[in-house]
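A.B. asks: Provided below for reference: sequence and predicted model.
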Amino acid sequence: MYRACNSSGEFRIFSSWCSLSYAKMDSVMRPLLCAFVLAYATLAIGQEVRVAAAADLAPSMPELKQAFESEHSGSRITVSIGSSVSLEMQLENGAPFDVFLSADVEQPRKLINSGKAEAGSYFVYAQGVLALLVPRSHAEIWDLRALTSGQVKKIAIANPQNAPYGRAAVAALKAAGLYDVLQSKIVEGENVAQAAQFVISGNADAGIVSLSAKSLAKERFAAYPVDAGLYPPLRQAAVLMKPGADKPLAKEFIDFLKSEKGRTILQKHGLRPAVAAGRVAGKRTKKG
Amino acid sequence: MNWQALLLTLKLAAVVSVLLLFIGAPIAYWIAFSRARWKFLVESVVALPLVLPPTVIGFYALLAFGPNTGLGRFLTRIFGHGLAFTFEGLAIASVLYSLPFAVQPFAAGFASVDPAFVNAAASLGAGRWRRFWRIVLPLSSSAVLTGFVLSFAHTVGEFGVVLMVGGNIPGVTRTVSVDIYDRVEAFDFAGANRTSVLLLCFSFVILAVMYGATKRAWRMGRQH
C-alpha cells in the first residue's frame, strides 16, 4: 500500500512521507529484529518457565521469581501479567505458557475442561482479599460507605467482565447497597493492577482493588480490607498448562507456591493462605 | 451493536479532527515554509506518535492529568476537574496521538504549492495571512482534506491510549475499539464481530473515498 501508489500527483503528498519513513525504518529494523530474535531464541533454550499471572500477583511475582531462580540455578521465570479472563482467553487460543496463576478458580477449570491444562495440577494457591485503597490524605475514608462523600469523585475498580477482583468489587458494593449510588463514580481498569495504578497516580480518589496492591503503593496510601462477608471468596487457582507438562521446572514452580517460602511471599503481598477445603486433585508430595 | 460507543467514537473523532485542523495547520505552515535550521527537530517531534507506542502517550497523559505533577494540577485548575476518565482528557490525548496524521499531509500540501504563485501574490502586496487563505489553502485543499480524514479515521481506530486514560465509562470514554475488546474478553464473539465488521467497512469506505477523490482531483487538474 505504501509503495505501490506513488504515481498520482496529489496522492504523492500523502504517500511520500509514508513510503520514505517506511523504507528507512525497514532497512534499519530488519537486521535489528533478526538479531533480537536470534538472541532471544538462544536464551530461551535453557530452563525457562513461562508464567501467566493474574494482575493481583504483580507485586509478588518479582520476589517469587527471584526466590525460585536462586533455588534452581540456571532456571529462568518469565512473567506475563494480565486479567484472569484475558489470560484465559489467550491460553485458550494457544498462548505459549507453562503455568497459569489465576485470580479465580473458574478460568483454570475452563482450561482443564477444554484440554489445554493438566487436570491433576489444579491447586488453590491462595485466597485473595478485596481492599479499599485510598491516599492517606483522605483519612476519613476507610470503609465503602465513606465513598459516598462528595470528596470522592472517581472510584477505580477492575473491569468486572475480565477480572475476578472487579466482579468482587461490584458484588461488595451491591451487597452494601451502595452500587446504585456510586455507579456514576466508577472507572474501570483493564485489570486490578491498572485500577490500583489509577489511584496511585492520583487520577482516581479511591480504589476497590486487591489488598496486594498495597505493596505497589507507597507509604502515602492505606489499604483497608473490605468485609469478607460482602463478596464471594476470591479463591485463586494455579494450573499447569499442556506446554509445561513435560517441563520438570514448571511443575516445581507450582510446588514452590505450595512451599513455606512461596506461601510466605504471597502472604507478605496481601494474599491469604488457601482454605484447605479446596479441591486439590492429584496433589503432589512437597519437595524436601 | 453498541450504538452508544459508536456515537461516542464518532463524536470524539469529529472533535479531534476539527481541533487538529486549527492546531495542525499553523504547525504545518511553519514546517512547510520555515528556513530554520532546527526545523527537523520540530518535524521529528510531530512525527513521534507514528513511532511511539500508544502506551507511552497514555502513560504520560495519565501523569499529566493527575494531581501529582505540576502540569496535572495546572490542567485540573483550568478545566475545574481532573482530565483522566473524561471526554476532554480523551480528546486532548487523541489530538497528540493523531497529530502527525494531520500535520504531515498539511505540510506536504502547503510545500507543494508553486512558490511562483505565492511570490507573485506577495509582490502584488498580499500579506502572509491573505496569501495563505487565497493562494496556499485553495491550492492544497485536497491535502488538507486528506489530513482531516486521516486524523478522523486514526482517532476512530485509537485503542491503547483510550484503554490507559479512559476508565471504560459508558457514554463518556468507552469507545468502540474498547467495546470490541471487552466483548472479545467476554467471549461475545458475535457482538465483537458485528462491531468489527462495521469498523472494517467504515475504514475501507473512508480510505476508498479519499484515494478515489484525490485521484480524480489530480486528473481534472491535468486536463486543464
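C.D. replies: It's in. Numbers count the residues shown, from 1 in each chain, chains lettered A, B, ... in the order given.

A.B. asks: please tell me how far the residue lying closest to residue A:212 once chain neighbours are set aside sits from residue A:199.
C.D. replies: Spatial nearest neighbour of residue A:212, excluding adjacent residues (C-beta to C-beta, 6 or more residues apart in numbering or on different chains): residue A:270 at 3.7 Å. Glycine gets a C-beta too; all of them are placed from N, C-alpha and C. When distance is defined by C-beta to C-beta, to the nearest Å, residue A:270 is 15 Å away from residue A:199.

A.B. asks: look at these two and report which has more neighbours.
C.D. replies: Set residue A:270 next to residue A:199 and count neighbours by other C-beta atoms under 10 Å in any protein chain shown: residue A:199 wins out with 27 against 23.

A.B. asks: contacts only, for the residue nearest the centre of chain A.
C.D. replies: The centroid of chain A falls nearest to residue A:55 when counting by C-alpha atoms, centre = their mean (2.0 Å). By C-beta atoms under 8 Å, 6 or more residues apart in numbering or on different chains, the contact list for residue A:55 reads A:81-83, A:103, A:158, A:163, A:165, A:191-194, A:210.

A.B. asks: and for residue B:153?
C.D. replies: B:13, B:203, B:206-207.

A.B. asks: in chain B, mark out all the helices, start to finish.
C.D. replies: In chain B, the helices defined using DSSP state H lie at B:3-33, B:39-51, B:54-65, B:70-79, B:87-111, B:115-123, B:128-131, B:137-139, B:141-156, B:160-165, B:176-185, B:189-223.

A.B. asks: just want the residue of chain B that's nearest chain A.
C.D. replies: Going by C-beta to the nearest C-beta, chain A is nearest to residue B:167 of chain B, at 3.0 Å.

A.B. asks: I'd say that residue and residue A:194 touch.
C.D. replies: No: when contacts are counted by C-beta atoms under 8 Å, residue B:167 is not listed as touching residue A:194 (9.5 Å).

A.B. asks: more neighbours, these two?
C.D. replies: Using other C-beta under 10 Å as the criterion, residue B:167 and residue A:194 rank with residue B:167 on top: 29 against 22.

A.B. asks: what sits closest to the more buried one if chain neighbours are left out?
C.D. replies: Closest to residue B:167 by C-beta to C-beta, 6+ apart is residue A:187, at 3.0 Å.

A.B. asks: and that neighbour, how many neighbours?
C.D. replies: 23.

A.B. asks: what's the host helix or strand of it in contact with?
C.D. replies: If you go by DSSP states H and E, residue A:187 is part of strand A:186-189. Contacts with strand A:186-189, where a contact means C-beta under 8 Å, 6+ apart, come from A:154-160, A:166, A:195-198, A:204, B:84-85, B:167-169.

A.B. asks: could you tell me the angle between the helix or strand following it and helix B:54-65?
C.D. replies: Scanning forward in sequence from strand A:186-189 by DSSP H and E, the next helix or strand is helix A:192-200. If you take axes from the mean of the first three to the mean of the last three C-alpha atoms, to 10 degrees, helix A:192-200 sits at 30 degrees to helix B:54-65.

A.B. asks: report all helices and strands that helix A:192-200 contacts.
C.D. replies: When contacts are defined as 3 or more C-beta pairs under 8 Å, 6 or more residues apart in numbering or on different chains; DSSP states H and E, helix A:192-200 packs onto strand A:130-135, strand A:155-158, helix A:164-175, strand A:186-189, strand A:206-210.

A.B. asks: got the contact list for residue A:148?
C.D. replies: Contacts of residue A:148 (C-beta under 8 Å, 6+ apart): A:178, A:181-182.
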